[in-house]
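Asks: Sequence and computational prediction follow.
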Amino acid sequence: MADERIRRQIAFLAAQLMYERLESEYFTAKRKAAKQLGVEYRYRPGDLPSNAEIRDQIQATARMREGPKRLDVLREMRLEALRMMRKLARFRPRLIGSVWTGHVRKGSDIDLHVFSDSLSPVTDALDEHGLAHDVEQKRIVKYGEERVFTHVHLDDRFPFELTVYPEDKVHYVFKSSITGKAIERASIAELEAFLKAEKPDVDLDSEIERVEDHVDRFELYRLLLRPLEGVKQSPKHHPEGDALYHSLQVFELAREERGYDEEFLLAALLHDVGKAIDPADHVAAALQALEGTITPRTETLIALHMDALAYVQGTLGARARLRLERSEEFDDVMLLRELDTRGRVPGADVCELEEALEFVRELALENEE
């Protein structure tokens, strides 16, 4: 594979796969890209573009697709990193990865190294701050040697991945799988100095306070939707199964019908969140839980979706019927009702909850531009 043009094409395609989060491993992305270009024969790893070449392509893709706002997002992620590092200061955290180097792509984690001889003090600290987390033990075999890495995943405003190392590794020189050189990393003091130098006239503590006070509505949506997985419904009316599976079916149907309509998509995804709060009046419970995080139009769609069912069944009272028919959102309410009824298919293909939220989040960002 001596053709430099093909090498560049592989780097470009591999970067697209990784930017779109279709692949997370460099080598797998390279092989898939090579296959797309018809390079089927066996080749040496050295013939493929390097990890650094692909990382540069990811950076170029991010600049092209995200424009100037990318730098604003990068600073926000660094501020979030600093906020978290301050909370975990006793574990001498270090910021590593793309948020520190600037090679951020869509959906990037904020990667931190933390140092503790036991996992429990780290998870206890997260619990103290009310931060929901999952622990993953990852086994990797490299050069015939198996190593176990402990990762702690957080779903905050931005996703975090904390890797826990023993305390005596705090000064260890970690090598990058991309460049083979020492990993670039920053302590709390180094990150603070960098952020202050970047914007000398801005008070860093005030920025951190702003970040601390920020409420991520999509995190709230996730927290309200996840319990629906445990809400089992009547097989007669909902043969598809639990309420989360139903909600994701309705979302998928809404995405087909109105993939551009953020408010309608949120109504489709969130219309049943109240079932995990108060099954006796799930509409009122949903509206109370979502207050202040959805638009009046989305609120109306959710508020009227059960009236629309009674309307179709012919059991809605005269006043309520007139109110529904006079609503500016009548057509959309009835469309949501149709999708709600259609979204009850056992075994239907649906996306993951995180994918649904990410889709609407991206749409919201586009609408802000």
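Replies: Structure's in. What do you need?
Asks: can you give me the helices for the stretch 201-350 of the chain?
Replies: 204-213, 217-225, 243-258, 262-270, 282-290, 296-313, 318-326, 330-342 (DSSP state H, counting those that start in this stretch).
Asks: Check what contacts the fourth one and list those residues.
Replies: The contact list for helix 262-270, computed with CB atoms under 8 Å, 6 or more residues apart in numbering, reads 221, 224-225, 247-248, 250-251, 253-255, 258-259, 286, 290, 294-295, 297-298, 301-302, 305, 332, 335-336, 339, 356-357, 359-360, 363-364, 367. The way it works is simple: take the backbone N, C-alpha and C, and place the C-beta from them, glycine included.
Asks: Give me the buried subset of those.
Replies: Buried subset of these (neighbour count, 16 or more other CB atoms under 10 Å): 221, 224-225, 247-248, 250-251, 253-255, 258, 286, 290, 294, 297-298, 301-302, 305, 332, 335-336, 339, 356-357, 359-360, 363.
Asks: Show me what secondary structure element comes after the helix or strand of the chain with the lowest mean pLDDT.
Replies: Lowest mean confidence among the helices and strands of the chain (mean pLDDT, DSSP states H and E): helix 51-66, at a mean of 72. Using DSSP states H and E, the helix or strand that directly follows helix 51-66 along the chain is helix 69-87.
Asks: quick one on the thing from earlier: could I get the helices of the stretch 201-350 of the chain as TSV with distance to P121 and mean pLDDT?
Replies: What follows is those, written out as TSV (distance: least, CB to CB, whole Å; pLDDT from 0 to 100):
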stretch	distance to P121	mean pLDDT
helix 204-213	22	83
helix 217-225	25	87
helix 243-258	33	95
helix 262-270	37	97
helix 282-290	33	93
helix 296-313	42	95
helix 318-326	56	93
helix 330-342	46	96
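Asks: and among the ones you listed, the most buried is which?
Replies: Greatest average neighbour count among these goes to helix 262-270 (a mean of 25), per mean count of other CB atoms under 10 Å.
Asks: next one: that helix to chain centre, how far?
Replies: 17 Å (CA atoms, centre = their mean, to the nearest Å).
Asks: May I have that helix as PDB, with CA atoms only?
Replies: Extracted C-alpha coordinates of helix 262-270, given in PDB (Å, rounded to 0.1, in the frame of the first residue of the first chain):
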ATOM      1  CA  GLU A 262     -37.100  19.500  18.300                       C
ATOM      2  CA  GLU A 263     -40.300  20.300  20.300                       C
ATOM      3  CA  PHE A 264     -42.300  17.500  18.700                       C
ATOM      4  CA  LEU A 265     -39.400  15.000  19.200                       C
ATOM      5  CA  LEU A 266     -39.200  15.900  22.900                       C
ATOM      6  CA  ALA A 267     -43.000  15.500  23.300                       C
ATOM      7  CA  ALA A 268     -42.700  12.000  21.700                       C
ATOM      8  CA  LEU A 269     -39.800  11.000  23.900                       C
ATOM      9  CA  LEU A 270     -41.100  12.400  27.200                       C
END
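Asks: what angle separates that helix from helix 330-342?
Replies: Inter-element angle recorded for helix 262-270 and helix 330-342: 30 degrees (by axes from the mean of the first three to the mean of the last three CA atoms, to 10 degrees).
Asks: relative orientation of helix 262-270 and helix 296-313 in degrees?
Replies: Using the same axes, to 10 degrees: helix 262-270 against helix 296-313 is 60 degrees.
Asks: and the host helix or strand of L365, how far out from the chain's middle?
Replies: Secondary structure from DSSP H and E places L365 in helix 353-368. Put simply, helix 353-368 sits 9 Å off its chain's centre (CA atoms, centre = their mean).
Asks: do stretch 349-356 as well
Replies: Distance of stretch 349-356 from the chain centroid (CA atoms, centre = their mean) equals 11 Å.
Asks: So for that stretch, what gets flagged as buried?
Replies: Result for stretch 349-356 [16+ other CB under 10 Å]: buried residues 350, 353, 356.
Asks: then it to PDB, C-alphas only?
Replies: Output in PDB follows, covering the C-alpha atoms of stretch 349-356 (Å, rounded to 0.1, in the frame of the first residue of the first chain):
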ATOM      1  CA  ASP A 349     -35.900  -1.800  16.400                       C
ATOM      2  CA  VAL A 350     -35.200   1.300  18.500                       C
ATOM      3  CA  CYS A 351     -32.100   3.400  19.300                       C
ATOM      4  CA  GLU A 352     -30.500   3.600  22.700                       C
ATOM      5  CA  LEU A 353     -31.800   6.200  25.100                       C
ATOM      6  CA  GLU A 354     -28.400   8.100  24.900                       C
ATOM      7  CA  GLU A 355     -28.600   8.200  21.100                       C
ATOM      8  CA  ALA A 356     -32.100   9.700  21.200                       C
END
